[in-house]
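Chemist: could you work out the structure for the sequence below:
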Amino acid sequence: MPLTSTRISPDWPCQVKTPGSYDWERSAAKWLRELIPARYASYPALIRHPVLLARHAQIQVQQEIRVARTALQTARAELPMLGLPESVIEHTIKMYAAEVLQLQHIARSVRAVSEALAGRGTSR
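Modeler: Numbering: from 1, shown residues only. Got it, this is the predicted structure:
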């Protein structure tokens, strides 16, 4: 197993091995596949080209951030019309806010993995 001098970002996902280590690209691809809808995970181009998979995961996570932000921004105005109690609305707003933060962290992690894959010229 070769050692690497690659600096690991604090956002590097714990599920992905260190770049340059044995089988790190496979661990990266496995983690990235978990971030995209299952129907995409079996497309041959995404299986053969981890850098393409990383690009798709970046786009997917950015869309999820937009959805969560929209849900958060509209919750106070729209949820009362559904007849939900105030306690449920408050809980939902906190849930969306937490989800936006989590997705932003995932986006940074995907970016770190993408950069590592692109830096190695991975195209399998």
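
Chemist: so what's the backbone phi/psi at the residue of the chain most remote from its centre?
Modeler: Largest separation from the mean C-alpha position in the chain: Gly83, at 33.1 Å (C-alpha atoms, centre = their mean). Backbone torsions for Gly83, taken as degrees, to the nearest 10, come to phi 80, psi 20.

Chemist: just after the helix or strand bottoming out on mean pLDDT in the chain, pick out the following helix or strand.
Modeler: Every helix and strand of the chain was ranked by mean pLDDT, DSSP states H and E. The lowest is helix 38-41, at a mean of 90. Next helix or strand after helix 38-41 toward the C-terminus (DSSP states H and E): helix 44-48.

Chemist: same for that following helix, what does it pack against?
Modeler: On a contact count with 3 or more C-beta pairs under 8 Å, 6 or more residues apart in numbering; DSSP states H and E, helix 44-48 meets helix 50-78. Using the backbone N, CA and C atoms, a C-beta is placed for each residue, glycine as well.

Chemist: what about 10 Å?
Modeler: helix 24-33, helix 50-78 (3 or more C-beta pairs under 10 Å, 6 or more residues apart in numbering; DSSP states H and E).
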